[in-house]
Every structure is written in C-alpha cells, then in structure tokens.
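1. Kindly return the folded structure for what I paste below:
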Amino acid sequence: MYVESFAELETQILIAKELYKDVDFSKAEAFLTEAQKMLTTIIKKLQ
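-> Next up, the predicted model:
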C-alpha cells in the first residue's frame, strides 16, 4: 500500500516539475526519498 502512495507522490512531483520549470523541487524529492527509506526500514524491522 505505501509503495503506491509514494509512487503517486513521485508522479505529482514530476507533473509539477513539468508545469513549474522555474521552481526547485529538490527538497521535495529529497524528502520523498528519505521518507521512503525510513518507512521501508520500519516495515522491515516490524516483520
């Protein structure tokens, strides 16, 4: 379930980058990557 949510957010960032070419989305992308890593780690530890 969470993988699909992250994929949706990633898609939204890609769309926003196309629409707003002058905006820097690096912080949003970095946050998404970090959140994916943290959640993956938590899930692995709970299994």
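2. mind listing what's buried in whatever helix or strand residue 3 lives in?
-> Per DSSP states H and E, residue 3 falls inside helix 2-19. Neighbour-count burial for helix 2-19, counted by 16 or more other Cβ atoms under 10 Å, picks out residue 9. In short, each C-beta sits where N, CA and C put it, glycine included.
3. Which elements pack onto that helix?
-> helix 26-46 (3 or more Cβ pairs under 8 Å, 6 or more residues apart in numbering; DSSP states H and E).
4. and the helix it packs on, C-alpha only, in CSV?
-> Extracted C-alpha coordinates of helix 26-46, given in CSV (Å, rounded to 0.1, in the frame of the first residue of the first chain):
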residue,chain,number,x,y,z
SER,A,26,15.0,19.1,-5.0
LYS,A,27,13.8,19.5,-1.4
ALA,A,28,10.5,17.7,-2.1
GLU,A,29,12.3,15.0,-3.9
ALA,A,30,14.9,14.6,-1.1
PHE,A,31,12.1,14.5,1.5
LEU,A,32,10.2,11.8,-0.5
THR,A,33,13.3,9.7,-0.8
GLU,A,34,14.1,10.0,2.9
ALA,A,35,10.5,9.1,3.8
GLN,A,36,10.6,6.1,1.6
LYS,A,37,13.9,4.9,3.2
MET,A,38,12.5,5.5,6.8
LEU,A,39,9.2,3.7,6.1
THR,A,40,11.0,0.8,4.4
THR,A,41,13.3,0.4,7.4
ILE,A,42,10.4,0.5,9.9
ILE,A,43,8.4,-2.1,7.9
LYS,A,44,11.4,-4.4,7.7
LYS,A,45,12.0,-4.2,11.4
LEU,A,46,8.4,-5.0,12.2
